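>>> Sequence and predicted structure are below.
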Amino acid sequence: MALFSVSKTAFLLAFLSLRTYQSEVLSEPLPWAPESLKVSVNTTSQSLHLQWTVHNLAHHQEFRMVFQIEISRIKTSNVIWVENYTTTVKWNQVLHWSWESKLPLECAKHFIRMRSAVDAAKTPGPRVWSSWSSWEEADVQNSLGQDLLFVFPKDKLVEEGSNVTICYVSKSHQNNISCYLEGVRMQGEQLDPNVSVFNLNHVAFIRETGTNIYCKPGQGDGIKGTVLFVSKVLQEPKDFSCETQDLMTLNCTWDPGSDTGLLKQLSQSYTLFESFSGKKILCKHKSWCLWQVAPESQDMYNFTLTAENYLRKRSVHLLFHLTHRVHPMAPFNVLFKNVNATSATMTWKVHAIGKYYTLLCQVELYGEGKVTQHNVSVKVDGVHLFSGLEPDTEYLAQVRCANGDHFWKWSEWTHQNFTTVEAAPSEAPDVWRNVKIVQGRCVVTLFWKPLSKLQAHGKILFYNIVIEYLDRTSGSEVLSIPAPASGTELPLNQCSSQIRITASNSVGTSPASVLVVSREPGNEEVEEERVKGTEDGFPLSWNPQPRHVTGYLVEWCEQPRDPPCDLQWKNLGPNVTSTVVSSDAFRPGVRYNFRIYGISTERVPCLLARKTGYSQELAPSDNPQVVMTNLTSHSFTLSWKNYSTESQPSFIQGYHVYLKSKAGRCHSGSEKAVLSDVPCVGWLIVPPPQQITEIISILTYFCSFEEGKVLIKNTTLFSSPAPTLIRILLPTVFCILLIMITCYLKSQWMKEKCYPDIPDPYKSSVLSLIKSKENPHLTIMNIKDCVPDSIEVLNKQEGTRKSFTETESTKPTYLYLLPTEKRYSSPGPCICFENFTYNQAASDSASCGHVPAPPKAPPSQLGLLTSPENLLKALEKNYMNSLGEIPAGETSLNYVSQLASPMSGDMSNLPKNPPEPALCSEYKMQMAIPLGLASPPSSGSSSLSSITLLDEGERYH
């Protein structure tokens, strides 16, 4: 115990002595202070490079020292960076240190100083620093030049997402300088009166040619700018892998990622380094590189792939065994031998890898939608037999190989096609028929479906048809139908026959399909049933047949509305009693008819069921043509003609007849009459309520889908016919009477104006003047009682028109009729009555006057007028001729009475008390003479001219 206390005391004394000595040493200045400090500026990298030495070191001395470096900006008191740099110092060694500035060095002054200390990390206690070196100044602004505005940094290269500081230096006193980044103004802070700084955070890649930054003063020119090159971030190579195909060359590949190439910077470069051999190569390509395997049979390889650009480096590593990275080349020289209808032999060659290496080859066969796969071990040549192939089928075979000992990767595929040879068809044609009687003969239309490729075993060239008549002991007919026909029509000599159909190709003939046509063509009457279609098709079912049935057949048409209905059929087994018929050709609103046949053991079809239905029913489309008849006060009849229900898009279940008043109110008891028992043609008498007089009748026909409506007629019913007839007949009779009276009055007015009545001789007042003593009871003048002495004729010349004054001055012309019994030597008094109705112009001209008698008549005239009857005939004849010669509208008539005037002159000059007529006064025959029968007067001064009657067709002028 005493010994332990003595030892402890001695240790404490020694330690105190050491601490005292160390304090004395450290209190003295450190003899190894930094000296000869020099500062250089690199504006390209925007960095400060420091260089210094440490003196007073012995030749053999070597210390680990720490140098503390301070950097100030603008002024020495503004310290922006402090860093301790530790390194080993030797005798007469020049030390270096660099610092990269985020602010461009051209934008501000920088000051640097340092001090040193011995690195006494293992020695407890604080470090003893040397004194600070003097401040070294780094000022680049003094060398900028004479321009007034500068923008820094110049053409700086940074990575995408970095932070960048931009500044401008102005030597003018203008403070209104604006800076823009790709046309967008930037907001910055002022570092001093002539320097402003802009901080750009997370800069983005815009284009390979760089991002434009420029500054301009508020007045004048002098735009200055710079280009900021933003590079994409260098990525680490991905999927780095090396493999060999011949154990002589390694092919190393990788995914380079994004290209960092810019206008100022080349794309990244890749270096491959192998650590075991120490070999390094610069790759010529961005994504792969070749490495020659060492001849000394090196098995293990450790590769380092380094990607590098101007800004950074990225590396990946790979360690592998050479024989575990074998990727064989693709097989070659693939051939097929001994190819027949069902088999073929495939051979191929592989590239040798080594004497002791075995390849595993994989063979695949594609054909008829199936794939088969086989594995084969190969050293040099490969062989494989394909069996169970289909005749006349094209196949695709392919092969690839891999290292059989250490699997790495399969080689590329090598493809080759081949086709098997043809064989005889394996299946009989699927055949059906349609039998009809034409002019007492059976006509069978055969249909067959083309054999599938698996059934045909080659190209079908023709179909053989053999007809055997069952009622004959021998004899048959043979037909050959060239392919690709799918049917034919056969007129049979007799209905009972058996038909055999086969298909033939270049190799052989298929099995035969047999059809038997019975004596009756099979027009069995089977009730038709309705079936409803679904999304899956038409579900059909039928009653099973107890025996003698080898199968069933369902027949339908996919295009029932077209003349070639596209007959289809489906064969079913003997134990099947239901099926679903589906087809892409089924359309909504189209009726499809199905027939189900049972095939007997004698191959005779028998109709078992008939089905009809729609895949989807639609609203009725064709409206019936409805006629309303037998309209009475209490009923009417609606009738419509037959129309096709096959064309309807749904089943017609019946008809509805609705009655409602014109106001739209329906009445109970007569709203609806259902005609479900009249599918196509119908009539119905509907008794509406008696109080309804105006109704609207609507015929509707409904189906299982919905109801369709047809507006028939708007009509009015009447309760009693008498009031209605009276309301109709009375206005009709009144209108007819009014029209008749108006027409009669109008006709009388027209008659009086245009066609006045001729005076009745029996009622003439002249009769009282000419009563003869011989016949005191005379009531009418007789032509024999007096001879006409003159006829007044008003003649209007053809083609001339006269004025009203000329018409007044025109005097009538007289034809003097010389009497045969008496002659007057001087004019005697006569009375002349004129009827002014026939010619108004004549009445105004005072044509009645004294008629002088010529003293002597020429012989021609004496011979002409022998009797009044002859005169009348001549006048009538000349009158009719003159009517034919004178144009219509140019003849005017003047009626002259048969009594001569007692005095001449105008009618207005007649005396009020005329003298009694003399004995020479005679009644002259009344007649109308056309003006054209008399010639115009020969002299304008003579008012009366005497002319004689000439022969027919002659005139005297």
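In hand now; what should we look at?
>>> Tell me where the stretch 351-500 of the chain has strands.
Counting by DSSP state E, counting those that start in this stretch, the stretch 351-500 of the chain has these strands, from start to end: 359-367, 370-378, 381-386, 394-403, 414-419, 430-438, 441-449, 462-469, 476-482, 487-492, 497-504.
>>> Any buried residues in the third one, and which?
Of the residues in strand 381-386, those scored as buried under the neighbour-count criterion (16 or more other Cβ atoms under 10 Å) are 382, 384, 386. (C-beta placed from N, C-alpha, C; glycine too.)
>>> which residues does the second one contact?
For residue 384, the contact set (Cβ atoms under 8 Å, 6 or more residues apart in numbering) comprises 345-346, 363, 374, 376.
>>> does residue 66 have beta-bridge partners, and which?
residue 86, residue 117 (DSSP bridges).
>>> what does residue 467 give?
Residue 467 has the following beta-bridge partners by DSSP bridges: residue 477, residue 499.
>>> Now mean pLDDT too, for the strands of the stretch 351-500 of the chain, in CSV please.
As requested, these are arranged in CSV below (pLDDT from 0 to 100):
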stretch, mean pLDDT
strand 359-367, 94
strand 370-378, 92
strand 381-386, 93
strand 394-403, 95
strand 414-419, 95
strand 430-438, 88
strand 441-449, 89
strand 462-469, 92
strand 476-482, 90
strand 487-492, 88
strand 497-504, 92
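>>> So which of those is nearest residue 270?
When those are compared for distance to residue 270 using Cβ to Cβ, the nearest one is strand 394-403, at 27.8 Å.
>>> circling back to that earlier point, which members of the contacts of residue 384 are classed as buried?
Burial by neighbour count, judged by 16+ other Cβ under 10 Å, picks out 346, 363, 376 from the contacts of residue 384.
>>> of those, closest to residue 422?
Using Cβ to Cβ, residue 346 is the member of these that lies nearest residue 422, at 20.7 Å.
>>> how near is the closest one to residue 418?
In this structure, residue 346 and residue 418 are separated by 8 Å, where distance is defined by Cβ to Cβ, to the nearest Å.
>>> before we move on, back to that, could the strands of the stretch 351-500 of the chain be laid out in JSON lines, adding distance to residue 158?
What follows is the strands of the stretch 351-500 of the chain, written out as JSON lines (distance: least, Cβ to Cβ, whole Å):
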{"stretch": "strand 359-367", "distance to residue 158": "52"}
{"stretch": "strand 370-378", "distance to residue 158": "56"}
{"stretch": "strand 381-386", "distance to residue 158": "59"}
{"stretch": "strand 394-403", "distance to residue 158": "48"}
{"stretch": "strand 414-419", "distance to residue 158": "51"}
{"stretch": "strand 430-438", "distance to residue 158": "79"}
{"stretch": "strand 441-449", "distance to residue 158": "77"}
{"stretch": "strand 462-469", "distance to residue 158": "83"}
{"stretch": "strand 476-482", "distance to residue 158": "82"}
{"stretch": "strand 487-492", "distance to residue 158": "83"}
{"stretch": "strand 497-504", "distance to residue 158": "81"}
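>>> Looking at those, spot the one closest to residue 759.
With Cβ to Cβ as the criterion, residue 759 lies closest to strand 430-438 of the strands of the stretch 351-500 of the chain, at 92.9 Å.
>>> What helices and strands are in contact with that closest one?
With contacts defined as 3 or more Cβ pairs under 8 Å, 6 or more residues apart in numbering; DSSP states H and E, strand 430-438 has these neighbours: strand 441-449, strand 513-517, strand 567-572.
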